[in-house]
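Participant: Sequence and predicted structure are below.
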Amino acid sequence: MGDLVKIQDLYVWFRVYGGYMKVLNGVNFSVGKGEKVSIVGETGCGKTTTMKTILRILSSQAHIPKGEVLFEEKDILKMKEGEIKRLRGRGVAMIFQDPMASLNPVFTIGDQLAAVISHSGVQDLDKEKIRQLSINALKEVKLPDPERILGSYPFQMSGGMRQRICIAMALATERALIIADEPTTNLDVTIQDQILALLRELVTKRGNSLILITHSLGIARENADRIYVMYAGNMVEVSNNEELFCNPLHPYTEMLLGCVPKLSGGGIAEGIAGRIPDYLNPPPGCRFEPRCPYATDRCREEKPDFVDVGNGHKVACFKYN
Amino acid sequence: MGINLLKRIGLSIFVLFGLSILIFIISRVVPGDPARLALGPRAPEWAVQKLRQEMHLDKPLYTQYVLWLDGLVHGDLGRSLVTRRSVTTDIKEFLPATLEIVILSAIVLVFGGIFLGIISAKFTNSWLDGLIRVISYLGIVSPAFVWAIIFVLIFGYNIPIFPTMGRLSPGVVPPPMITGMYTVDSLITGNFGTFVDAFKHLVLPAIALAMGGMAQAARITRSSMLDNMGKDYIAAEKAYGIPEGLIFVKYLLKPSLIPTVSVASLDIAALFGNAFLVELIFNYPGFSRYGISAMLNKDLNAIAGVIMVLGVIFVTINIIIDFIVAYLDPRIGLAGR
């Protein structure tokens, strides 16, 4: 499988009062064609920043000192405006975290869907065709009465319906990659499963690649072929779905798995002591070192490489190299 | 939409009715004898008595109110004690003059404010943004009469490109009375030279009057656009490949204008009150000056007439603004879909 997106040694900094927040610290990541990949990590570890880099929608304070983001072997960071527009229209779609906030409150669903479709690079669009595509997209996400929804405003919809509409927007036209940024975090537990099942079904049916960002290992386990574990701006471990749960290598992954509450006999899970480091003055070596029970002097000074330990299972920790 | 409009108009009539009672009572309980004030201290007592009777001031308050209300529905607001003319005639003469200024001022306020706000938001933290923000602060902290004096000094004295007195230059014949607004009347009768002259007389007072509200509108537009720029839906629209220019002028601007329009409407309504000092400085025979002089002279009928007219204007502006806001923000749902 060729890589659709390949991120190599990506650094992203944000200019703030008092210096740079060094958020992404050499991220390595890839997703193959038709592959479903999940990124797991705690809040603030840079998952969304990584995704926004793929679409080049980072805020104006962002600064990229180093790194490559390849989409079909072309570097996104070096693309001109026109190419980026084509990429956003045709190549990648992103579904955001909060469906309450990711639809424009003062335009109808129909208007917003039409805008998305008409800038997706599809040829020969007229009003009737756009309408037809919009209705089809709404039908595909199993929303009843699509005609009425086209004329409605977001505030007239429930959270689950809005997230379905966001999925409809992402899938209204052909796209190679769908990025879903915690698509169910803000939804009811009962709705979460429906939305994920729908997303999984549609993406599988069309053969899109999917990047699913989540902080729930359970969601990752159910929906992804491969799982990345991210910590403080680094990918610390990646492996096949199965392998990661049976044989976690990185201390952070181990501890994350320890945090999952068990139904029988475990009591309440422990959690991980400490917090994500200060991005203004991050630890010079491994960023997990201050919280790591196995930390050595080497960890304090040197940043571990992301190395393959066999079978595509990669880990960034001195315990293994 | 039609039903909502009728509802609003119906409610407004109640508001105006309440206003009429309030203003009638307030104007009558203020101490001082209006008849004596009107005739002066040396008038004989019998003449004052006669005027009191003519004005029904000798009757109980509720009878006075009913008589006044009866006149009001017939378009008769009584006689002004100062100008000795019918209040209706006075209003017909003075109101259009101020309307002219206020309408131009409102246009400058809304469009100028939104335009400056957009520029400021588009070029955030550039020197242009900084300049607009400084001027906005100045606009908010300085009252309209300060701007009026500055404008008279700069554009009337140092660089005399605009007239600073009255409604028309000396020697220019006023256009025939149709609406009473010289600019409109001169255009209707096709007298372009008069139009230009009348318009020139409006420019400085209108801008001086608009400065405060315009600055406010610019600041609100700017901050609301910057606020919305960080919203997920704008990021989502970008992520879907919608061109940034289109996002800016359509998807970002529309939700950002809601607070601006709500605040600007209050500022526009306040223009009538602020117009007083500006009219004084530009020696402009307008409605606000008429209103203030009526109050200082305890000219009962004129006070009541002025307040009622202002009430109607306020109510109308409010209805219009509510419908604009309902158009911009479907969540309000007044326009009825």
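Facilitator: Done, it's in. Residues are numbered from 1 along each chain as shown, chains lettered A, B, ... in the order given.
Participant: Show me what from chain B comes close to chain A.
Facilitator: B:230-233, B:235-243, B:246, B:251, B:254-255, B:258, B:328-331, B:337 (C-beta under 8 Å from any C-beta of the partner chain). Heads up, the C-betas are built off the backbone N, CA and C, glycines and all.
Participant: what about burial for those residues, which qualify?
Facilitator: Restricting those to buried positions leaves B:231-233, B:235-242, B:251, B:254-255, B:258, B:328-330, with burial counted as 16 or more other C-beta atoms under 10 Å in any protein chain shown.
Participant: from the residues you listed, which ones fall inside helices?
Facilitator: By the criterion of DSSP state H, membership of these in helices covers B:Asp232, B:Tyr233, B:Ala235, B:Ala236, B:Glu237, B:Lys238, B:Ala239, B:Lys254, B:Pro255, B:Ile258, B:Leu328.
Participant: In this structure the fourth one contacts A:Ser102, no?
Facilitator: Yes. Contact between B:Ala236 and A:Ser102 holds when scored by C-beta atoms under 8 Å: they sit 4.7 Å apart.
Participant: where do the contact lists of the two overlap?
Facilitator: Common neighbours of B:Ala236 and A:Ser102, counting by C-beta atoms under 8 Å, 6 or more residues apart in numbering or on different chains, are A:Phe96, A:Cys166.
Participant: Show me what the helix or strand hosting A:Asp193 is in contact with.
Facilitator: Using DSSP states H and E, A:Asp193 sits in helix A:189-206. The set of residues external to helix A:189-206 that reach it, using C-beta under 8 Å, 6+ apart, is A:36, A:95, A:140-142, A:159-160, A:163-164, A:167, A:171, A:174, A:178, A:180, A:183-184, A:187, A:210, A:212, A:219, A:222-223.
Participant: elements contacting the helix or strand following that helix?
Facilitator: Remark: after helix A:189-206, the chain's next helix or strand is strand A:209-214, criterion DSSP H and E. The contact analysis (3 or more C-beta pairs under 8 Å, 6 or more residues apart in numbering or on different chains; DSSP states H and E) places strand A:209-214 against strand A:3-16, strand A:19-32, strand A:36-40, helix A:47-55, strand A:177-181, helix A:189-206, helix A:217-223.
Participant: hmm, back to that, I'd like the ones in helices among the buried ones among the residues of chain B next to chain A as CSV, with pLDDT and distance to A:Phe29 appended.
Facilitator: Formatted as CSV, these follow (pLDDT from 0 to 100; distance: C-beta to C-beta, whole Å):
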residue, pLDDT, distance to A:Phe29
B:Asp232, 87, 23
B:Tyr233, 91, 26
B:Ala235, 87, 20
B:Ala236, 87, 22
B:Glu237, 88, 25
B:Lys238, 86, 21
B:Ala239, 85, 18
B:Lys254, 91, 37
B:Pro255, 91, 34
B:Ile258, 90, 40
B:Leu328, 85, 42
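Participant: Now flag whichever of the residues you listed is closest to B:Lys200.
Facilitator: B:Lys200 lies nearest to B:Leu328 out of those, by C-beta to C-beta, at 34.3 Å.
Participant: Now for residue 315, how many residues are close by?
Facilitator: This is for chain A. For A:Val315, the count of nearby residues is 26 (other C-beta atoms under 10 Å in any protein chain shown).
Participant: The intended chain is chain B.
Facilitator: B:Val315: 19 neighbours (other C-beta under 10 Å).
Participant: and if you look at A:Glu201?
Facilitator: Residues near A:Glu201, counting by other C-beta under 10 Å, number 12.
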